[in-house]
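Novice: Coordinates for the following, if possible.
(one chain, ligands or ions: 1)
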Amino acid sequence: MTNLAAKRDARTTWDFYNQPLREADSAIFQAIEAERARQAAYLELIASENMTSRAVMDAQGTILTNKYAEGLPGKRYYSGCDHIDTIEQIAIDRATALFGCNFANVQPNSGSQSNQAVYLALIKPGAKILSMALDHGGHLTHGSPVNVSGKWFDVTQYGIRDDNGEIDYDEVERMALETQPDMVVCGASAYARIIDWARFRQIADKVGAWLLADIAHYAGLVAGGAIPSPFPHVHIATTTTHKTLRGPRGGLILWNDEELSKKINSAVFPGMQGGPLEHVIAAKAVAFGQALEPAFKDYAQAVVDNARALAGALAERGYTIVSGGTDTHVFLVDLQKQGLVGLPAQRALYRAHLNCNRNAIPNDPQKPWYTSGLRFGSPAGTTRGLGVAEFTQVGHWIADVLDGLVKSGGKSGDTEVEGATAARVAQLLQRFPVYERA
Ligand code: DSN
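Specialist: Okay, the predicted model is just below:
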């Protein structure tokens, strides 16, 4: 090799290991920068989203992505896992401390895979599941016909009561006695009220079923003590780590009984997954550490207070809140009274820099693509620093935009109101700056 070639080679090697994304791939860098600007400029009201910390992202964006580590701390199939073990054990210890349970598997890549791993661990294809219907607030992975859970299991679904929008526990019990499920699933992705974990356990015990609580949406509120914990009532809880819990995108399984450990751990690996994403597990550990700080309790309570303020303002303006209000971070608005459809409503709000998602409401006459509802949540806005006064104000801005949409016939929206609202949102968000770099 000539000297010049050797120099060039050294430079290439240095670049490979050290060149920042900005220089290495400008197309992707610029798109990420654009997304950073979007997140700064829009108020995030999607109930399942949040803004995680720089520290969490720092942990995730590390050389840990290089390592294969099938197995569990202290029992790996590949060598070189000493430091990975340290990290994963810290994540496990913090998870169990945070949720007050004995065991945790921090490896699931998502909430969906957490649920699938639990099914794989405890029931067989063809088994009976009793769970909440998707359009009543449940989740795809709780037995929706379009999901593997609905294809492989015999699913019966409960919903919410027409009169008060709450789970009808007597009806759940009746259904359980009638169908004799192998597993009862509680937990939801669009249910605003406190779930009675103890009552669900009584029902599950009556029919000898496993009780799984999917707390993907509520985990941060549970960890922060703003709503009751599913432990010690449930056999197993699953969650995502990126919603109210404010960590990296990922999943987590929690349980108390040592007898379940082998089944659950082996369902995650080798049952469902291969090498765990240890860079994400490090980021989960950081997020769990942050959630163990006393300040997280204040955050969790503020999330609930803010969601109530938002729902209250919308109700004051004549919008129907499913179940009449919220005890959590989330609620659904039923747009039928205003004659609105979810899709154009979501788009009108986005034009005003208010980001929420259209969502099916119970017994929705519209198709899932359109819907008759909107789902709102406070976790990201609360992280950003908005309080009750700001969320109340935002509730009125949402109502202004939706009223404008009604006046325009429900499709195009009122450009003037949307523009004025976008300007107000921009002014508000200037007071609550976010990430300085992508
Ligand atoms: N997509 C999530 C949500 O928005 O609730 C659930 O998986």
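
Novice: near the ligand, which residues of this protein show up?
Specialist: 48, 111, 139, 189 (CB under 6 Å from any ligand atom). No exception for glycine: its C-beta is placed from N, CA and C like everyone else's.

Novice: ok, for the third one, nearest residue in space, not its chain neighbours?
Specialist: With CB to CB, 6 or more residues apart in numbering as the measure, S189 is the residue that lies nearest to H139, at 4.7 Å, once sequence neighbours are left out.

Novice: Now do the contacts for that neighbour.
Specialist: Neighbour list for S189: 48, 137-139, 216-217 [criterion: CB atoms under 8 Å, 6 or more residues apart in numbering].

Novice: which residues touch the residue in the chain that the ligand sits nearest to?
Specialist: Of the residues in the chain, the one nearest the ligand is S48, at a distance of 3.2 Å by CB to the nearest ligand atom. Residues counted as contacts of S48 (CB under 8 Å, 6+ apart) are 189, 216-217, 240, 243, 377.

Novice: can you check D414 too?
Specialist: 401, 404-405, 407-408.

Novice: S323 now?
Specialist: 160, 164-166, 191-193, 331-332.

Novice: Need the three-state assignment for K124.
Specialist: Secondary structure state of K124, per DSSP: H, G, I helix; E, B strand; the rest coil, is coil.

Novice: can you start the count at 49 instead of 1 from here on
Specialist: Sure, I'll start counting at 49 from here, so that last one is K172.

Novice: And the pLDDT for it?
Specialist: Looking at K172, its pLDDT reads 98.

Novice: so how far is D262 from it?
Specialist: 20 Å (CB to CB, to the nearest Å).

Novice: which of the two has more neighbours?
Specialist: Set K172 next to D262 and count neighbours by other CB atoms under 10 Å: D262 wins out with 30 against 10.

Novice: how deep is the residue lying closest to the more buried one once chain neighbours are set aside tucked in, by neighbour count?
Specialist: Of all residues not flanking D262 in the chain, G235 sits nearest, at 3.4 Å (CB to CB, 6+ apart). G235 has 29 neighbouring residues, counting by other CB under 10 Å.

Novice: next one: phi and psi at G235?
Specialist: phi 100, psi 160 (degrees, to the nearest 10).

Novice: How about the contacts made by it?
Specialist: By CB under 8 Å, 6+ apart, the residues touching G235 are 180, 187, 190, 243, 260-266, 278, 285-286.

Novice: got a pLDDT number for it?
Specialist: On the pLDDT scale, G235 gets 97.

Novice: For V449, see how far away it is.
Specialist: To V449, G235 is 31 Å away according to CB to CB.

Novice: now G213
Specialist: 24 Å.

Novice: Quick one: the strands in the stretch 99-248 of the chain, in order.
Specialist: 119-120, 123-124, 151-153, 176-180, 202-206, 231-234 (DSSP state E, counting those that start in this stretch).

Novice: Just put the ones you listed in CSV and tack on distance to E438 and mean neighbour count.
Specialist: Listed next are the strands of the stretch 99-248 of the chain as CSV, based on distance: least, CB to CB, whole Å; neighbours: other CB atoms under 10 Å:
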stretch, distance to E438, mean neighbour count
strand 119-120, 44, 20
strand 123-124, 48, 14
strand 151-153, 35, 23
strand 176-180, 32, 25
strand 202-206, 36, 19
strand 231-234, 33, 28
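
Novice: Check which helix or strand V454 maps to.
Specialist: Here V454 sits within helix 436-455, counting by DSSP states H and E.

Novice: who does that helix touch, helix- and strand-wise?
Specialist: helix 342-364, helix 390-399, strand 402-403, helix 427-432, helix 463-478 (3 or more CB pairs under 8 Å, 6 or more residues apart in numbering; DSSP states H and E).

Novice: rewinding a little: backbone phi and psi for the residue nearest to H187, please?
Specialist: According to degrees, to the nearest 10, S237 has phi -120, psi 0.

Novice: where's it relative to T376, distance?
Specialist: Look at S237 and T376: by CB to CB, they are 11 Å apart.

Novice: list residues touching both of these two?
Specialist: With CB under 8 Å, 6+ apart as the test, S237 and T376 both reach H265.

Novice: mean confidence for the host helix or strand of A339?
Specialist: Secondary structure from DSSP H and E places A339 in helix 326-340. On average, the pLDDT along helix 326-340 is 99.

Novice: does I409 sit in a helix or strand, and which one?
Specialist: Going by DSSP H and E, I409 is not in any helix or strand.

Novice: Enumerate every residue touching it.
Specialist: 183, 370, 380, 382, 384, 419-421.

Novice: Mark which of those are part of strands, please.
Specialist: Among the contacts of I409, DSSP state E puts 380, 382, 421 in strands.

Novice: Make a markdown table out of those and add neighbour count and pLDDT.
Specialist: Shown next, in a markdown table, are these (neighbours: other CB atoms under 10 Å; pLDDT from 0 to 100):
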| residue | neighbour count | pLDDT |
| --- | --- | --- |
| L380 | 27 | 98 |
| D382 | 20 | 98 |
| G421 | 26 | 98 |
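
Novice: Format those residues as CSV; extra columns: distance to A330.
Specialist: Putting the ones in strands among the contacts of I409 into CSV (distance: CB to CB, whole Å) gives the following:
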residue, distance to A330
L380, 35
D382, 42
G421, 38
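
Novice: wait, what's in contact with Y125?
Specialist: By CB under 8 Å, 6+ apart, Y125 lies in contact with 118-119.

Novice: Check S460 too.
Specialist: Applying CB under 8 Å, 6+ apart to S460 gives the contacts 392, 453.

Novice: which one of the residues of the chain next to the ligand is nearest R86?
Specialist: Here the nearest of the residues of the chain next to the ligand to R86, counting by CB to CB, is S96; it sits at 17.4 Å.

Novice: Could you check how far the closest one is from Q205?
Specialist: In terms of CB to CB, S96 sits 21 Å off from Q205.

Novice: what does G272 give?
Specialist: According to CB to CB, G272 and Q205 sit 30 Å apart.

Novice: Disregarding residues adjacent in the polypeptide, which is nearest to the residue nearest the centre of the chain?
Specialist: With distances taken as CA atoms, centre = their mean, the residue of the chain nearest its centroid is K291 (3.5 Å). Among residues not flanking K291 along the chain, S96 sits closest, at 5.0 Å (CB to CB, 6+ apart).

Novice: Where does that neighbour sit, in terms of helix or strand?
Specialist: Going by DSSP H and E, S96 is not in any helix or strand.

Novice: Show the model's pLDDT score for it.
Specialist: 98.

Novice: How about P324: what's its closest non-neighbour residue?
Specialist: Leaving aside its chain neighbours, P324 sits nearest to Q155 (4.0 Å; criterion: CB to CB, 6+ apart).
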